[in-house]
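Enquirer: no FASTA, just this:
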């Protein structure tokens, strides 16, 4: 075997390849039919999924008369941003005609505290489960992970009863608590796996240095947790922003998030159906998670990969 | 060596995880300023013992004293110990300076005192130019120096080393080994050092504790352990190339003892028995460097053999042959290397040998 390879390298006995050149140096890259097929498929698939986005954008820039002509794919003849402004300020949900903007601010008010509280709780959970194992720690962790598989619909009614008995149903703190609870299983899993990959000797060294539970957490573990925290922020922001069910049930009319507001705008049946305004409103609502993905895609992939390889 | 009292004293220490017993009623007294090496194969409990001394593991039974104070229930920081880990365990987000000062800042030491101690430690370890760097920008050897510095600045009584050199390459390991030895000479602190590397153990230790199965097999000066191992495990674990073992019988003929395996009859007139011997199955052990090849008839015992394989190792050569149908190696200088299949004479003095009971493995 080895001897055969050695002789093959000698130029005298070797057969020239297709191009008539003796192999030397880097192997020349060739484009094979398979490659072309793969790229062609990818391009077609990407275009296919981009069609709805294209129609949304184009429609949102047209006036109603133009839409009524029914040329779905045509570029807007007279582009106008009026539908966007209407969607933000004047679109009607029932009798209120304030547009999406109150929903946007509600969503911000719900998302920011929920993301912050759930991540702080989950990172402390993961840290304690990894480095300060106590009796029943594994059982608790098992229960938490099990929680990730419980369908939301099952717990909604008990949660309503529970929250209303403490006077938090249909309030901002109520919806924040709900989001924090439902983020806990997956986030704890994420942080625990991240901390489990950190050498335990680091923790031991800090203990020998005299640091306690909180000091080790805040001075050593938290500064190292930037990658996984970014992943958690992305997961939570997109998850909570996109949530409809909890928002409509637990937030209360005054705090309805943007998704609920959007639904109400689109489903308002009195008068003319303003497709352009609906499209603009939908894009506005989806803009925040979309932006997050664009900005942090690199971090997201990195964090998920780190978790997957080492977790 | 300054031996004015006991620094660390471990009394009847046991540790079990569930049904697995890691340490069994272990006793160990370490003198003030002594360098003790805990040596053993992986899983022998040596690192566990060190973690118990550091207070990172709760013991199941027994007591630990450091400087005469019972620290069995104390927190690690209150034990007067500093620890150096195999993976360095430097805080990755802090500069070297912050790494060194972390323990002092936790303890609330005054700023100028911290600066003074860091300056001293950095000078001793020659890491002054590295103080503002992050650990990621350091080489393995530099990292381990910083890790030692972290124990140094805290002015501890006892240094604990958990395989500190195992992550380094061979050359760096040899360099840092010498530096640790120099550091011990300079500081005169008590040091407890865990390793599975017998060369580190032999070179560094005042005394070596050879461990197996959570029990200290032998605790002695390196030379004693090397020359007079108390059992077959210790004999086989120390020494490279390993000691030769021949299975056979211990016999008493006309008041004189001899070891018999097949046609091989080794008179034991010069052997220093550990106790009163009894006839029966035994193992005869002798180190390859205590055997001589083709060096005349001056030896108390000599026999003829054929060379099977020759292993040149640079400075010397290991010659493999068969005695009593069992593999046997002889270490010779490179200039006197025999050929394969050459007929040679093997000679040695049973005084250098070790005899072990076949059943118990204990020294006879």
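Expert: Now that the structure is in, tell me what you want to look at. Computed from a prediction, not measured in an experiment: that's the story for all the values here. Residues are numbered from 1 along each chain as shown, chains lettered A, B, ... in the order given.
Enquirer: how is the chain partitioned into domains?
Expert: Went with chain A since none was named. According to automatic domain parsing, chain A comprises the domains A:34-80, A:101-310.
Enquirer: sorry, I should have been clearer: chain B.
Expert: If you go by automatic domain parsing, chain B breaks into B:6-231, B:244-357.
Enquirer: the last one: how far from the chain's middle?
Expert: Spelled out, it's domain B:244-357. 26 Å (CA atoms, centre = their mean, to the nearest Å).
Enquirer: how about the longest one?
Expert: Relative to its chain's centre, domain B:6-231 lies at 14 Å (CA atoms, centre = their mean).
Enquirer: one step back: just say which of the domains of chain A is most tucked in.
Expert: Sort the domains of chain A by mean neighbour count, taking mean count of other CB atoms under 10 Å in any protein chain shown, and domain A:101-310 sits at the top with a mean of 18. The way it works is simple: take the backbone N, C-alpha and C, and place the C-beta from them, glycine included.
Enquirer: so does it get close to chain B?
Expert: Yes - judged by CB under 8 Å from any CB of the partner chain, domain A:101-310 comes into contact with chain B through A:199, A:201-202, A:204-211, A:215, A:219-220, A:223-224.
Enquirer: and those residues, which of them are in helices?
Expert: A:201, A:202, A:204, A:205, A:206, A:207, A:208, A:215, A:223, A:224 (DSSP state H).
Enquirer: which parts of chain B sit against chain A?
Expert: Residues of chain B lying near chain A (CB under 8 Å from any CB): B:51, B:54-56, B:75-77, B:81-83, B:85-87, B:89-93, B:102-103, B:106-107, B:147, B:150, B:154, B:162.
Enquirer: return the subset of those lying in helices.
Expert: If you go by DSSP H, the residues of chain B next to chain A have B:51, B:54, B:102, B:103, B:106, B:107, B:147, B:150 in helices.
Enquirer: tally of neighbours for the nearest residue to the last one once chain neighbours are set aside?
Expert: It refers to residue B:150. Among residues not flanking residue B:150 along the chain, residue B:100 sits closest, at 5.7 Å (CB to CB, 6 or more residues apart in numbering or on different chains). Using other CB atoms under 10 Å in any protein chain shown, residue B:100 has 27 neighbouring residues.
Enquirer: distance of residue B:100 relative to residue B:171?
Expert: 26 Å (CB to CB, to the nearest Å).
Enquirer: check residue B:241 too.
Expert: In this view, residue B:241 and residue B:171 are 22 Å apart by CB to CB.
Enquirer: so those two - more neighbours on which side?
Expert: residue B:241 (16 against 9).
Enquirer: reformat the domains of chain A as TSV; add distance to residue B:280 and mean pLDDT.
Expert: Below are the domains of chain A laid out as TSV (distance: least, CB to CB, whole Å; pLDDT from 0 to 100):
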stretch	distance to residue B:280	mean pLDDT
domain A:34-80	75	92
domain A:101-310	48	89
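Enquirer: could the ones you listed go into CSV alongside distance to residue B:283?
Expert: As requested, the domains of chain A are exported to CSV (distance: least, CB to CB, whole Å):
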stretch, distance to residue B:283
domain A:34-80, 66
domain A:101-310, 40
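Enquirer: among those domains, which is nearest residue B:124?
Expert: Smallest distance to residue B:124 across the domains of chain A (CB to CB): 18.9 Å, for domain A:101-310.
Enquirer: what are the phi and psi values at residue B:229?
Expert: Main-chain dihedrals, residue B:229, degrees, to the nearest 10: phi -60, psi 140.
Enquirer: contact partners for it?
Expert: B:218, B:235, B:238, B:354, B:363 (CB atoms under 8 Å, 6 or more residues apart in numbering or on different chains).
Enquirer: quick one: contacts for the fourth one?
Expert: Contacts for residue B:354 (CB under 8 Å, 6+ apart) come out as B:228, B:229, B:235, B:243, B:284, B:285, B:286, B:363.
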